[in-house]
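Peer 1: Sequence and predicted structure are below.
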2 protein chains.
Amino acid sequence: MKGRGYKATPQRVAILEALAAEQHQSLDEIHAKCPHVGLVTVYRTLDLFSEIGAVRRLDLGDGSRYELAEAHHHHLICDSCGSISEFEGCPIDPERLDVEGGFEVRSHSVEVYGNCAECL
Amino acid sequence: MKGRGYKATPQRVAILEALAAEQHQSLDEIHAKCPHVGLVTVYRTLDLFSEIGAVRRLDLGDGSRYELAEAHHHHLICDSCGSISEFEGCPIDPERLDVEGGFEVRSHSVEVYGNCAECL
DNA sequence: CTCAATGCAAACATTTTGCAAAGAC
DNA sequence: GTCTTTGCAAAATGTTTGCATTGAG
């Protein structure tokens, strides 16, 4: 998993486990799962993970959230309770996307806002 | 435009004009266009505009940006120079979106990442 | 043994709040 | 004249940096 010159410290492993436990967590939530790791280290480690592409940084309106960069998926955000969930089927129609002349598409993200089942 | 109990102060008009001048600006950019308005007022006014739905708040990875809530469009973000541009044609396939059982869709946003024409 | 990684404290940036004065209606 | 809005200063919040120490390789 790591081996490109990065050291596998206990702190990094702990943060990785925290990330694996749940999707799209805030920095505080991650830190709460490994309180013995210094807050500064959490910041730096998440920065590092983002840079090497292991972690995706999201911004859904309430500050940064982090999740392991695994399968392609998007997010449903409930306007009323703020809960976030994922869905797998990507609703992007590729034919309608490659019309953007002069822009080379690398990736995309989709956020869907509305009301979740609990709030209906 | 306003008349639902909100006062049309010179500050609010100035901020509205600043917003009209350019899309997806940061709070600092908006404030720079009307320096005589107190920074606190810019914060409060943008909050107000967001609440009443006149302004859309974006978060594209580099802090909040604001734009007038006009025609439905999405954003292209260049990974290399960070420039942001809009595109009109929505690439969402509605058929693939209403499959989300138990979630009532109200709106959505799409961000496309890649390289702009200048950076290719 | 060496150099990257950590943790503390302090610096820094950003956003929010309290309150008196000003101004829109 | 009333009640909202403004602006200042201060507080709260969130993030980054400097530097000595620790520990993985």
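Peer 2: Yes, it's here.

Peer 1: If the residue nearest in space to the middle of chain A is in a bridge, with which residues?
Peer 2: Geometric centre of chain A, nearest residue: A:Glu67, 3.0 Å, by C-alpha atoms, centre = their mean. In this entry, A:Glu67 is beta-bridged to A:Arg56, by DSSP bridges.

Peer 1: Over to A:Glu111?
Peer 2: Beta-bridge partners, per DSSP bridges, of A:Glu111: A:His75, B:Ser109.

Peer 1: what's near enough to touch it?
Peer 2: Taking C-beta atoms under 8 Å, 6 or more residues apart in numbering or on different chains as the criterion, A:Glu111 is in contact with A:Leu60, A:His74, A:His75, A:Leu76, A:Ile77, B:His108, B:Ser109. Backbone N, C-alpha and C define where each C-beta goes, glycine included.

Peer 1: now A:Phe87
Peer 2: A:Phe87 makes contacts with A:His73, A:His74, A:His75, A:Leu76, A:Val112, B:Glu100, as judged by C-beta under 8 Å, 6+ apart.

Peer 1: and with 7 Å instead?
Peer 2: A:His73, A:His74, A:Leu76, B:Glu100 (C-beta atoms under 7 Å, 6 or more residues apart in numbering or on different chains).

Peer 1: picking up where we left off before, what about the residue nearest to the centre of chain A, distance to DNA strand D?
Peer 2: A:Glu67 is 16 Å from DNA strand D, where distance means C-beta to the nearest atom of the strand, to the nearest Å.

Peer 1: picking up where we left off before, can you redo the contacts of A:Phe87 as a markdown table with pLDDT, neighbour count and distance to A:Pro35?
Peer 2: Converted to a markdown table, those look like this (pLDDT from 0 to 100; neighbours: other C-beta atoms under 10 Å in any protein chain shown; distance: C-beta to C-beta, whole Å):
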| residue | pLDDT | neighbour count | distance to A:Pro35 |
| --- | --- | --- | --- |
| A:His73 | 94 | 15 | 29 |
| A:His74 | 95 | 18 | 31 |
| A:Leu76 | 94 | 21 | 30 |
| B:Glu100 | 71 | 18 | 36 |
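
Peer 1: Could you list the alpha-carbon positions for the one helix or strand in chain A whose mean pLDDT sits lowest in CSV?
Peer 2: Across the helices and strands of chain A, mean pLDDT, DSSP states H and E gives its lowest value to helix A:94-97, namely a mean of 86. Provided in CSV are the C-alpha atoms of helix A:94-97 (Å, rounded to 0.1, in the frame of the first residue of the first chain):
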residue,chain,number,x,y,z
PRO,A,94,-20.5,10.6,-21.4
GLU,A,95,-21.7,11.7,-24.8
ARG,A,96,-22.9,15.0,-23.3
LEU,A,97,-19.6,15.5,-21.5
